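>>> Have a look; sequence and predicted model below, questions after that.
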Amino acid sequence: MILSMSLPTDEGLRTKNQSHHHRLNHELKQRLQHAIAGGGTHQKKKQHSLGKLIARERIAQLKDPDSYFLELSQLAGYQLYPEYEVPCGGLITGVALIAGRACMVIANDQTVKGGSYFPITVKKHLRAQEIAKKNGLPCIYLVDSGGAFLPLQAELFCDRDHFGRIFYNQAKMSAQSIPQFASVHGHCTAGGAYIPAMSDQTIMVKEHGRIFLAGPPLVEAATGEQVTSSELGGWQIHSEHSGLVDDLADSDEDAMVQIRQKVAGLPPVQNITLSYSGASKPIYSVDDLYGILMTSPKELFDPRNVLACLVDGSEFDEFKPHYGKTLVTGWASIMGLPVGVIANHGVLMSDSAQKATHFINLCTMQNTPLLFIQNITGFMVGRHAELNGIAKEGAKMVRAVATAEVAKITLIIGGSYGAGNYAMCGRAYGGDYVFTWPGAQVAIMGPDQAGFVMDYLNNKKTKNTRGPSPGASLAQTIVQTSSAYYATARLWDDGLIEPQNTRQVLASAFASTLFKKKISSPRGVIRM
């Protein structure tokens, strides 16, 4: 079936919607540009004066020419630390095509606090490794870091998912035969020295690379020995004596050539392409969509209109179109890749949860990846809903989402509230990627509902309705903490993306999951 877009008949409403979403996109572009600039022009010039490339220039030379770099979490750390600015979390991560093979690239941005690790830097590094591990992607570490940011050491040092988890992940990925290569472009200090030490092969740039467990000041403080950084951990030490470094590079450019050669030398695997020029484009453009997207997540819109702008040829094979109508399910392709789509069209009812469970089971049997499109207030509540088994059917849907052994990508385009976030494969449910549009909101419930509950409980307890409302204060807090920027800064998603880039982002993300092994359902399809 070829989808057709149902534009609002009210021209004023269309204009209002378009103006609102163009403004959101403009704000997002500005913030992304600032984040991508890293430490700024001065720091960039300083690195160039030393004969070094900055991290983004290294990645540009590493990836295949004209290929798409699926960068993740560009706004990590946005307004997160009042005293410090950490653009991109001080780390660039993403999936790149290198010698025809999809790889996870993890590159320190030395222009941001010398590449030091903040708590959000660690979280971003671990998330990139998680994606690589889940999908069998080789990891490329471009190291240029001063190690942990000491003023915040208590927040990144010794807990389970703190700095040490990076090296644990390297060991586990190595045990799973996932290739890991490191190139050392600057300092690689303290615990960070284990990144190249635990990689399969390590390259060091001669004049700039340094690897040591403790830098000269700490060595002198601990032992009294006075030594230069070159004498302590330069290229001659590690290539001729310790054996830590396997190859030397004359420059950053040379190091990237050598990394490409090492990836090209890996055993052949299934071909992965991050560009699908032969796929038919959607009939409709995202510009058409802007007139349909409402200005508030409280106002519903038909998700088929979104699909008409995303899927190949605007073609969609809908599953159970006349049953469970608050959920749209069916099959489509995005830049040549087949996907099963589950999209909200209102609150989740018992019948729509049943439909979702059946559809997820089908896609798992067929090894079809799943795309969840979230715009959800949650599950239906009330006596009638409970009589119809909403808790039971919702539990079945949640179980199906959690156990479906296929690639799962979530796109949050509007509201994402409460158990609806969970059922539609929110962050807690282990999907491969979560992406968000700038107008999205993520919270345990809407601000109005939360405020009402708070006031109800407070009035019941105190019998006093006078004075400032605690519910109003809570509602304001939820408004502030449910914004898309608040979520992406904390890595509740893998990136805040512009709607017009969604098709390319989704195609690249799904392509990176092609290594995922097929695990068949042990029971076959069970109709709900």
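Perfect, I can see it now.
>>> Output the lowest mean pLDDT helix or strand found in the chain.
Ranked by mean pLDDT, DSSP states H and E, the helix or strand of the chain with the weakest confidence is helix 447-462, at a mean of 70.
>>> Need the residues that contact the next helix or strand after that one.
Going down the chain from helix 447-462, the next helix or strand is helix 470-481, by DSSP states H and E. Outside helix 470-481, the residues within contact range by Cβ atoms under 8 Å, 6 or more residues apart in numbering are 443-448, 450-456, 458, 486. Backbone N, C-alpha and C define where each C-beta goes, glycine included.
>>> of those residues, closest to residue 206?
residue 486 (43.9 Å; Cβ to Cβ).
>>> how close does the residue nearest to the closest one when sequence neighbours are not counted get to residue 420?
Excluding the flanking residues, the one nearest residue 486 by Cβ to Cβ, 6 or more residues apart in numbering is residue 480, at 7.0 Å. According to Cβ to Cβ, to the nearest Å, residue 480 and residue 420 sit 21 Å apart.
>>> Looking at those two now, which is surrounded by more residues?
Neighbour count, other Cβ atoms under 10 Å: between residue 480 and residue 420, residue 420 has more, with 21 against 9.
>>> Please state the offset of the helix or strand harbouring the more buried one from the chain centre?
Applying DSSP H and E as the criterion places residue 420 in helix 418-423. Its chain's C-alpha centre and that of helix 418-423 lie 18 Å apart, by Cα atoms, centre = their mean, to the nearest Å.
>>> Next secondary structure after it?
Following helix 418-423 in sequence order, the next helix or strand is strand 433-436 (DSSP H and E).
>>> how about that following strand as PDB, C-alpha atoms only?
Output of strand 433-436 as PDB, limited to C-alpha atoms (Å, rounded to 0.1, in the frame of the first residue of the first chain):
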ATOM      1  CA  TYR A 433      19.800   2.600  19.200                       C
ATOM      2  CA  VAL A 434      17.500   5.300  20.500                       C
ATOM      3  CA  PHE A 435      17.200   8.600  18.500                       C
ATOM      4  CA  THR A 436      15.100  11.600  19.400                       C
END
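>>> Which strands or helices does that strand pack on?
If you count contacts as 3 or more Cβ pairs under 8 Å, 6 or more residues apart in numbering; DSSP states H and E, strand 433-436 packs onto strand 408-417, helix 484-489, helix 502-511.
>>> To residue 77, which of those lies closest?
Among these, the nearest to residue 77 by Cβ to Cβ is helix 484-489 (6.1 Å).
>>> can you give me the mean pLDDT across the closest one?
In this model, helix 484-489 has a mean pLDDT of 97.
>>> Stretch 358-368 now?
96.
>>> cool, stretch 173-187 as well?
The average of the pLDDT scores along stretch 173-187 is 95.
>>> Quick one: distance of it to the chain centre.
21 Å.
>>> circling back: could you dump the helices and strands packed on strand 433-436 to TSV with distance to residue 287 and mean neighbour count?
Output for the helices and strands packed on strand 433-436, formatted as TSV (distance: least, Cβ to Cβ, whole Å; neighbours: other Cβ atoms under 10 Å):
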stretch	distance to residue 287	mean neighbour count
strand 408-417	16	26
helix 484-489	21	22
helix 502-511	13	23
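>>> Mind putting the ones you listed into CSV with distance to residue 195?
Shown next, in CSV, are these (distance: least, Cβ to Cβ, whole Å):
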stretch, distance to residue 195
strand 408-417, 28
helix 484-489, 25
helix 502-511, 25
